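>>> Could you look at this predicted model? Sequence included:
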Amino acid sequence: MKTSLLPTIAHRLAIFAYVIFALFPLYWLFKVSLTPNDLLYSEGVRMWPSRTTWEHYSFVLQHSAFPTFFKNSLIVSGSTAVIVTICASLSGYALSRFNFRAKYWIVGLMLLTQMFPLVMLVAPIFKILTPLGLTNSLTGLIVVYTAFNVPFATFLMQSFFDGIPKDLEEAAMIDGATKFTAFREIILPLTLPGIAATLGFVFTAAWSELLFALMLINGNNAATFPVGLLTFVSKFSVDFGQMMAAGVLALIPAALFFLLIQRYLVQGLTAGAVKG
Amino acid sequence: MASIDIQNVKKAYGHVQVLHDIDLQIKDGEFVVLVGPSGCGKSTLLRMIAGLEGVTGGEMRIDGKRVNELHPKDRDIAMVFQSYALYPHMNVAGNMSYSLKLRKIAKEKIAAAVAGAASKLGLDPLLERRPKALSGGQRQRVAMGRAIVRQPKAFLFDEPLSNLDARLREQMRAEIKKMHGDLKATSIYVTHDQIEAMTLADRIVAMHGGVVQQVGAPLELYDRPANLFVAGFIGSPGMNFLDATYSAGAVTLKDGTVVALPTPLAIADGAKVTVGIRPEHVVMSGEGSGMAASVDLVEPTGFGIILHLSLHGLAFKVFTLDRAALSAGPNVHVSFPAQHLHVFDEKGDRCVAASA
Ligand SMILES: Nc1ncnc2c1ncn2[C@@H]1O[C@H](COP(=O)(O)OP(=O)(O)O)[C@@H](O)[C@H]1O
Ligand SMILES: [Mg+2]
């Protein structure tokens, strides 16, 4: 088949334009992080500074609390992602496969939690966590993030389980497996793309969460990276160079994480399970 | 191998009863086919035997042992699903050996069992492949292989051939029959295709609306259908039905044609009946004899010819091997040999001969 050139070019151009549009802020972040302070305001708007420097990075890594923020964020996001994914796998499986009396109400309640703005909940949650000693602690943040992410993650996992034919676990049970063995050996391996997607989704959500991190934490010890970014804003100035350098560094784990799971995100493991 | 006893079994989903008092005794080594239109409850019954659905009432026994409450894994029954339900993350060998692994059978024995089943089904070159790299027919074979490596007490099949094309379906049908001849395994086979039922079964169980309509050998259902449903369901093209009145050992059709029956029936004179005749039993008679009908459509199948007629305004089919029918004019004459007439009473049940 001969395809005409023009539509192909238009197609590629459109994609190119979109990619530029989507990546431009990232580029700007990177550019500013390399721009020496004395050039930041003196050179006007330029695509690339006349001189570049790594000094913001070395400052952020050596003289700021950024490594602490970074470590805190890793702990909070990683734990939240793992805990939420485990909970959501189990609850999503239950919603997908079992019929029980309160199912309708549980789903309704979970939807309800997704409906109102989180700002409304800051005060009551603060009130609940204070006597428990969970303010100003990473554990508190993990608990709150887990609570907020489980409903959506459950629906996400449920849709992945729904995509796996029920016949498969029935076949496994007839082959001699218990329900749990069938879940572990047949269903779970087939849900890896779903698990990867859920891990990624929750990880990024927790990684970039600011509102609760700001309200529940004070001081640098338990601050996560988004809160930490704000420390580069002082009363009189904003240290853009260092802030952007910190931002670029913060992108690294998220990028690595997706690099790790993208293998599972793209593959259609269930292909060939049923029919032909 | 095992016998399966189904006594008074019922199934309800909430308030909807989908199976009513099913009674069925399946003998050791028998090949029983459950046949009926879609939605009649065949799969539900099969899944209850497998233990995948609970039993609402009645009793289910395998080899004399009550299994109502037994988990599917403990029933030692193999099932071939319509969708095949192959494990996509395991290769063919893995699929076939999974049940043996769960039973903690020694590796060498598993390998031998898989190799045996694979060679029987011609799967040897495919053992390392994943299901997605197989054609529909090959997947079907793997599903069969997964069932036979286990040497289970019984085989259950839920429309195993319905996803295959016509030629492959015919071929697999013959293979299943041959395999049953070799293994002599108790088998229950669900299908909506009456040809599959006729060709495979030792006994057919015809179902409709969650009720067993008739149980019998294939030709018994064909020759003596117990009611209008079975009469219409078995056979293709389907049986023709005409309203008639019975009196004194003969039926009178709407147009006044009287056909004397070979034996008088055990019903009252003047009773309204339905007369059935199979398209292949209708005789094309010459001008001046039989009933006049107009030809709506002629369908040559190669093997024979199906004529779609209208007889007193009713759609009516005739099947004939005589190619002369191809050049039949717009009007033909048909007559009904009395020995091929089926007579059903007002309730739709077959009328039996009056005991003399
Ligand atoms: N889980 C279920 N809940 C409610 N009704 C069901 C369920 N499964 C099957 N049915 C109903 O039971 C009837 C029989 O279904 P099935 O056994 O699948 O029919 P068949 O296999 O003969 O086509 C159908 O009317 C179907 O709608
Ligand atoms: Mg069915």
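That came through, no problem. Just so you know, these numbers come straight off a predicted model, no measurement behind them. Ligands and ions are numbered 1, 2, ... in the order given.
>>> Please make it C-alpha for all contacts and neighbour counts, starting now.
Will do.
>>> and the stretch 101-250 of chain B, which of its residues are near chain A?
B:102-103, B:131-136, B:139, B:163 (Cα under 8 Å from any Cα of the partner chain).
>>> separation between B:K65 and B:D23?
Counting by Cα to Cα, to the nearest Å, the separation of B:K65 from B:D23 is 16 Å.
>>> actually A:P193, not the one I wrote
46 Å.
>>> For B:N240, name its beta-bridge partners.
B:I277 (DSSP bridges).
>>> List the contacts of it.
B:N240 makes contact with B:232, B:276-279, B:316-317, according to Cα atoms under 8 Å, 6 or more residues apart in numbering or on different chains.
>>> With respect to B:A78, which of these is nearest?
Ranked by distance to B:A78 (Cα to Cα), those are led by B:G232 at 32.4 Å.
>>> Just the element for that closest one, please.
Following DSSP states H and E, one finds B:G232 within helix B:228-233.
>>> And for B:E59?
strand B:57-62.
>>> and after that strand, which helix or strand comes next?
The C-terminal neighbour of strand B:57-62 among helices and strands, as given by DSSP H and E, is strand B:65-66.
>>> Contacts for that following strand next, please.
B:59-60.
>>> ok, now with 10 Å
B:3-6, B:59-60 (Cα atoms under 10 Å, 6 or more residues apart in numbering or on different chains).
>>> Tell me which of A:P193 and B:D23 has more neighbours.
A:P193 (23 against 16; other Cα atoms under 10 Å in any protein chain shown).
>>> picking up where we left off before, can you tell me which of the contacts of B:N240 is closest to ligand 1?
Set against ligand 1, the nearest of those by Cα to the nearest ligand atom is B:G232 (16.9 Å).
>>> Isn't B:L52 up against B:V67?
No. B:L52 is not in contact with B:V67 according to Cα atoms under 10 Å; the separation is 11.9 Å.
>>> In three-state terms, how would A:P117 be classified?
coil (DSSP: H, G, I helix; E, B strand; the rest coil).
>>> That one: how many residues sit nearby?
9.
>>> Then B:H312?
That count, for B:H312 with other Cα under 10 Å as the rule, works out to 14.
>>> State the pLDDT value of it.
Note on B:H312: pLDDT of 84.
>>> OK, contacts around it?
Under the criterion of Cα under 10 Å, 6+ apart, the neighbours of B:H312 are B:242, B:254-255, B:291-294.
>>> which one of these sits closest to B:N91?
Taking Cα to Cα as the measure, B:L242 is the one of these closest to B:N91, at 56.0 Å.
>>> give me phi/psi at the nearest residue to that closest one once chain neighbours are set aside?
In space, and not counting its chain neighbours, B:L242 is closest to B:V275: 5.2 Å by Cα to Cα, 6 or more residues apart in numbering or on different chains. The phi and psi values for B:V275, taken as degrees, to the nearest 10, are phi -100, psi 130.
>>> what's the burial count for whatever residue of the stretch 151-300 of chain B ends up closest to chain A?
Closest residue of the stretch 151-300 of chain B to chain A, Cα to the nearest Cα: B:N163 (6.7 Å). Residues near B:N163, counting by other Cα under 10 Å, number 17.
>>> What's the separation between it and B:T191?
Distance of B:N163 to B:T191, given as Cα to Cα: 12 Å.
>>> got it, and A:P131?
Counting by Cα to Cα, the gap from A:P131 to B:T191 is 65 Å.
>>> Ok, A:I195 next?
In terms of Cα to Cα, A:I195 sits 38 Å off from B:T191.
>>> Can you tell me the number of residues neighbouring the residue nearest to B:L242?
Neighbours around B:V275, by other Cα under 10 Å: 23.
>>> Restrict the helix holding B:G232 to CA atoms and write it as CSV.
This file holds the C-alpha atoms of helix B:228-233, laid out as CSV (Å, rounded to 0.1, in the frame of the first residue of the first chain):
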residue,chain,number,x,y,z
LEU,B,228,-43.4,-30.5,20.5
PHE,B,229,-40.2,-28.9,21.8
VAL,B,230,-38.0,-31.9,21.2
ALA,B,231,-39.7,-32.6,17.9
GLY,B,232,-38.9,-29.1,16.7
PHE,B,233,-35.4,-28.9,18.2
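>>> elements contacting it?
strand B:203-208, strand B:211-216, helix B:218-223, strand B:240-247, strand B:271-277, strand B:342-344 (3 or more Cα pairs under 10 Å, 6 or more residues apart in numbering or on different chains; DSSP states H and E).
>>> Tell me which residues of the third one come out buried.
Of all the residues in helix B:218-223, those buried under the rule 16 or more other Cα atoms under 10 Å in any protein chain shown are B:218, B:221-222.
>>> Need the contact partners of that helix.
Helix B:218-223 is touched from outside by B:33, B:194-195, B:197-206, B:214-216, B:225-227, B:230-235, B:278, B:340, B:342, with contacts defined as Cα under 10 Å, 6+ apart.
>>> Buried ones among the residues you listed?
B:33, B:194, B:197-198, B:200-206, B:214-216, B:225-227, B:230-235, B:278, B:340, B:342.
>>> Beyond the helix or strand of chain B with the lowest mean pLDDT, next helix or strand please.
Ranking every helix and strand in chain B by mean pLDDT, DSSP states H and E puts strand B:283-285 at the bottom, with a mean of 89. Counting by DSSP H and E, the next helix or strand C-terminal to strand B:283-285 is strand B:291-300.
>>> Give the intersection of the neighbour lists for B:N163 and B:T191.
In contact with both B:N163 and B:T191: B:Q82, using Cα under 10 Å, 6+ apart.
>>> Out of the contacts of B:H312, which comes closest to ligand 1?
Using Cα to the nearest ligand atom, the contacts of B:H312 come closest to ligand 1 at B:L242, 28.2 Å.
>>> low-confidence ranges in chain A?
A:1-3, A:235, A:265-276 (pLDDT under 70).
>>> most centrally placed residue in it?
Geometric centre of chain A, nearest residue: A:T204, 1.4 Å, by Cα atoms, centre = their mean.
>>> That residue against A:F257, yeah?
Yes. The criterion here is Cα under 10 Å, and A:T204 meets it with A:F257 at 9.4 Å.
>>> my guess is A:R263 contacts A:P193, does it?
Yes. Between A:R263 and A:P193 there is a contact under Cα under 10 Å: 8.2 Å.
>>> what residues does chain B put near ligand 1?
Listed as neighbours of ligand 1 in chain B under the rule Cα under 6 Å from any ligand atom: B:13, B:18, B:38-44.
>>> Buried subset of the residues you listed, written for ChimeraX?
Buried members of the residues of chain B next to ligand 1, defined by 16+ other Cα under 10 Å, are picked up in ChimeraX with:
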select /B:18,40,41,42,43,44
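>>> Most widely separated two among the residues of chain B next to ligand 1?
B:Y13 and B:S38 (17.2 Å).
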